[in-house]
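Engineer: got a predicted model here, sequence first, then my questions.
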Amino acid sequence: MKKYRNKSPEEVIKLVTTEIIKRAIKLGRKKKRSVFISKTSGGKGTDVLTLNPKTDEGRNKSPSLPNSPRFQSVLQN
């Protein structure tokens, strides 16, 4: 895909995760449903509305990515 060229793997992961969250929010509102995501199938889910990148609260919360310094530095930028 053209929009992912010349980007590091960490940047691509951040972009794709943000796209997935935005899409889940849009489709959840359209169908009037709550959408939850989690790292595992049996894990406690997080409502995607709390991760909305358009709100201050969502911008401050990081998506469900590993806690390595490499990923966290990408999220802070």
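Structural biologist: Yes, it's here. Worth saying up front: this structure is predicted, and the values here are computed from it rather than measured.
Engineer: on the three-state scheme, the residue of the chain positioned farthest from its centre is what?
Structural biologist: No residue in the chain sits farther from the centre than residue 6, which is 20.8 Å out by Cα atoms, centre = their mean. Under the three-state scheme (DSSP: H, G, I helix; E, B strand; the rest coil), residue 6 adopts coil.
Engineer: cool, residue 58 as well?
Structural biologist: helix.
Engineer: one more: residue 34?
Structural biologist: Assigned state for residue 34: coil (three-state reduction, three-state DSSP).
Engineer: quick one: it from residue 43, how far?
Structural biologist: 16 Å (Cβ to Cβ, to the nearest Å). Any C-beta I mention is one placed from the backbone N, CA and C, and that applies to glycine too.
Engineer: do residue 4 as well
Structural biologist: Between residue 4 and residue 43 the computed distance is 28 Å (Cβ to Cβ).
Engineer: got it, and residue 35?
Structural biologist: Here residue 35 is placed at a distance of 15 Å from residue 43 (Cβ to Cβ).
Engineer: comparing these two, which residue is more hemmed in?
Structural biologist: Shown here are residue 35 and residue 43; by other Cβ atoms under 10 Å, residue 35 has more neighbours (18 against 11).
Engineer: isn't that one up against residue 25?
Structural biologist: Yes - at 7.3 Å, residue 35 counts as touching residue 25 under the criterion of Cβ atoms under 8 Å.
Engineer: identify the contacts common to the two.
Structural biologist: residue 48 (Cβ atoms under 8 Å, 6 or more residues apart in numbering).
Engineer: rewinding a little: show me what contacts the residue farthest from the centre of the chain?
Structural biologist: Contact analysis of residue 6 by Cβ under 8 Å, 6+ apart lists nothing.
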